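Colleague: The sequence and its predicted three-dimensional model are supplied below.
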Amino acid sequence: MQRLYSQFYLTILIVLALFVTAAAVVWWLAEDEARTPQYLGLAAELTGALLPEPEAPVIEQQKALESLHDKLRFDLALYRRNGALIAMAGRPPPRFDAAHARTGWRRGPGGPNFMMQLPDGRWLVARQVHERPDPLFWIVAFLAMVALAIAIGAYPVVRGLGRRLERLKAGVEQFGGNLGARVKVEGRDELAALAESFNRSADRIEQLVAAHRLLLANCSHELRTPLARIAVAASLLGEQADANTRQSLKQDVAELDQLIDEILLASRLDAQPTLEEREPVDLLALAAEEAAHYDLEATGKPVTVAGDAMLLRRLVRNLLENACRYGGSGPIDVSVASEAGQAVLEVVDRGPGVPETERERIFEPFYRLPQTRETGRGSGLGLALVRQIARRHGGDAVCLAADDGGSRFRVALPAA
């Protein structure tokens with residue numbers, strides 16, 4: 001039982017069952033004297049007056065007992081003070097022990113047995129002819145009915161509580177992918193207070209994330225002004241600087257400009273959980289156009305996907321740049337195929353490859369392999385954008401080991 005409402009309800013049922021059982025046991029073990037009716041003493045005096053004297057012949061006492069049996073419809077047995085049987089009418093009575101006998105009713109086979117000591121010292125044991133259930137049966141039956149009524153009445157309450165918890169859980173899970181998600185506040189109890197607390201926390205988190213995105217976007221925009229000045233200054237240097245300095249400066253400016261573009265794109269993707277627009281895109285044609293910039297060829301079968309052409313182009317470009325930068329001097333294969341209703345893009349290089357333990361981490365923003373950090377090349381955002389764009393299109397991106405060594409980056413997108 002993993003559902004919370006089931007555990008609550010089962011707990012209630014167990015408590016009720018224990019209560020009924022405990023009540024029955026207490027009733028069974030309780031002293032009989034506590035339940036002995038006070039009128040049995042008066043009944044003993046009246047019965048003694050109806051019966052013959054103790055010295056009367058046994059046959060006379062037997063007739064008197066049979067007369068009472070016919071009128072009262074009770075099985076009767078008359079005993080002397082020492083426990084010797086005098087007369088009996090009806091079914092044989094249970095075993096009688098004068099040493100432990102006392103006025104009152106006792107449990108026994110066939111129903112309760114009523115014992116009365118007459119004023120003259122004799123004992124009369126009576127048992128009703130038409131058997132009725134033991135009083136314990138009625139007590140247990142009554143408590144069981146009460147328990148059943150409580151169980152039936154408690155189920156809607158417990159199930160309603162469980163449904164509210166399930167809705168709260170669904171709202172919390174939805175918040176993981178949508179910062180604007182909130183949970184409905186129901187009632188005025190602790191669960192409602194918990195929902196309100198979650199909504200307040202969600203508002204605060206959304207405000208912090210929005211402020212972070214705004215700050216990141218503003219910083220990226222502000223960086224473009226000094227970046228443009230550096231580019232202009234580099235161009236004005238002309239022949240005053242050597243060729244290596246000019247080339248290094250241009251390369252630094254280009255990398256900084258690319259980093260700003262990637263940061264802005266990542267911020268825009270974070271701010272928009274869904275694509276702004278979708279259009280049919282031939283993935284093979286797009287891959288071929290980008291591959292041509294790197295003197296590569298894309299092979300495979302044309303497959304159309306519905307998405308943002310600009311973002312898909314950035315996805316392909318980042319994969320090709322990554323392969324050219326870290327794939328060594330071996331050939332790079334670019335292919336597009338259709339598999340089980342999906343468009344699959346693969347970029348395979350012949351570089352040193354990615355250790356299996358690092359194949360997920362390389363898709364984290366700004367994460368770079370230890371051997372690539374030493375070169376100082378790349379920002380660690382390229383592959384993070386690849387996976388982000390793929391997931392915005394309903395697909396995913398993974399890194400696998402290539403058959404001939406190196407890495408195989410595979411992007412699967414829903415085919416249109």
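Modeller: Good, I have the coordinates.
Colleague: Doesn't Val334 belong to a helix?
Modeller: No. Counting by DSSP: H, G, I helix; E, B strand; the rest coil, Val334 falls outside a helix, being strand.
Colleague: Now it: closest residue in space, sequence neighbours ignored.
Modeller: Nearest residue to Val334 in three dimensions, chain neighbours excluded: Ala298, at 4.3 Å (CB to CB, 6 or more residues apart in numbering). Any C-beta I mention is one placed from the backbone N, CA and C, and that applies to glycine too.
Colleague: tally of neighbours for Ile205?
Modeller: Neighbours of Ile205 under the rule other CB atoms under 10 Å: 12.
Colleague: Which parts of the stretch 1-150 of the chain are strands?
Modeller: Taking DSSP state E, counting those that start in this stretch as the criterion, the stretch 1-150 of the chain carries its strands at 74-79, 85-89, 104-106, 113-117, 123-128.
Colleague: Comparing the ones you listed by mean pLDDT, which bottoms out?
Modeller: Within the strands of the stretch 1-150 of the chain, confidence is poorest for strand 104-106, with a mean of 71 (mean pLDDT).
Colleague: By mean pLDDT, flag the weakest helix or strand of the protein.
Modeller: Least confident helix or strand, the chain: helix 370-373 with a mean of 62, by mean pLDDT, DSSP states H and E.
Colleague: Heading C-terminal from that one, find the next helix or strand.
Modeller: Sequence-wise, the next helix or strand downstream of helix 370-373 (DSSP states H and E) is helix 382-392.
Colleague: What residues sit buried inside that next one?
Modeller: In terms of neighbour count (16 or more other CB atoms under 10 Å), helix 382-392 has its buried residues at 382-390, 392.
Colleague: Quick one: those residues as JSON lines, columns for pLDDT too.
Modeller: Below are these laid out as JSON lines (pLDDT from 0 to 100):
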{"residue": "Gly382", "pLDDT": "83"}
{"residue": "Leu383", "pLDDT": "88"}
{"residue": "Ala384", "pLDDT": "86"}
{"residue": "Leu385", "pLDDT": "87"}
{"residue": "Val386", "pLDDT": "90"}
{"residue": "Arg387", "pLDDT": "91"}
{"residue": "Gln388", "pLDDT": "87"}
{"residue": "Ile389", "pLDDT": "89"}
{"residue": "Ala390", "pLDDT": "91"}
{"residue": "Arg392", "pLDDT": "88"}
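Colleague: and Lys184, how many neighbours?
Modeller: By the measure other CB under 10 Å, the count of residues near Lys184 is 11.
Colleague: In a helix, it, correct?
Modeller: No. Counting by three-state DSSP, Lys184 is located in no helix; its state is coil.
Colleague: contacting residues for it?
Modeller: Contacts for Lys184 (CB atoms under 8 Å, 6 or more residues apart in numbering) come out as 167, 171, 195.
Colleague: Number of residues surrounding the residue nearest to Val334?
Modeller: Using other CB under 10 Å, Ala298 has 22 other residues around it.
Colleague: backbone phi and psi for it, please?
Modeller: Note on Ala298: its backbone torsions stand at phi -100, psi 130 [degrees, to the nearest 10].
Colleague: domains in the chain, as residue ranges please.
Modeller: 31-132, 190-271, 279-414 (automatic domain parsing).
Colleague: tell me the most buried of those?
Modeller: Among the domains of the chain, domain 279-414 has the highest mean neighbour count (mean count of other CB atoms under 10 Å), at a mean of 18.
Colleague: Any idea how far apart the tips of it sit?
Modeller: End-to-end distance of domain 279-414 (CA to CA, to the nearest Å): 13 Å.
Colleague: can you give me the helices in the chain?
Modeller: 4-29, 39-50, 58-72, 135-175, 190-237, 243-271, 283-292, 309-326, 370-373, 382-392 (DSSP state H).
Colleague: Any chance of the ones you listed in a markdown table with distance to Gly405 as columns?
Modeller: Formatted as a markdown table, the helices of the chain follow (distance: least, CB to CB, whole Å):
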| stretch | distance to Gly405 |
| --- | --- |
| helix 4-29 | 52 |
| helix 39-50 | 102 |
| helix 58-72 | 106 |
| helix 135-175 | 41 |
| helix 190-237 | 38 |
| helix 243-271 | 28 |
| helix 283-292 | 21 |
| helix 309-326 | 13 |
| helix 370-373 | 15 |
| helix 382-392 | 19 |
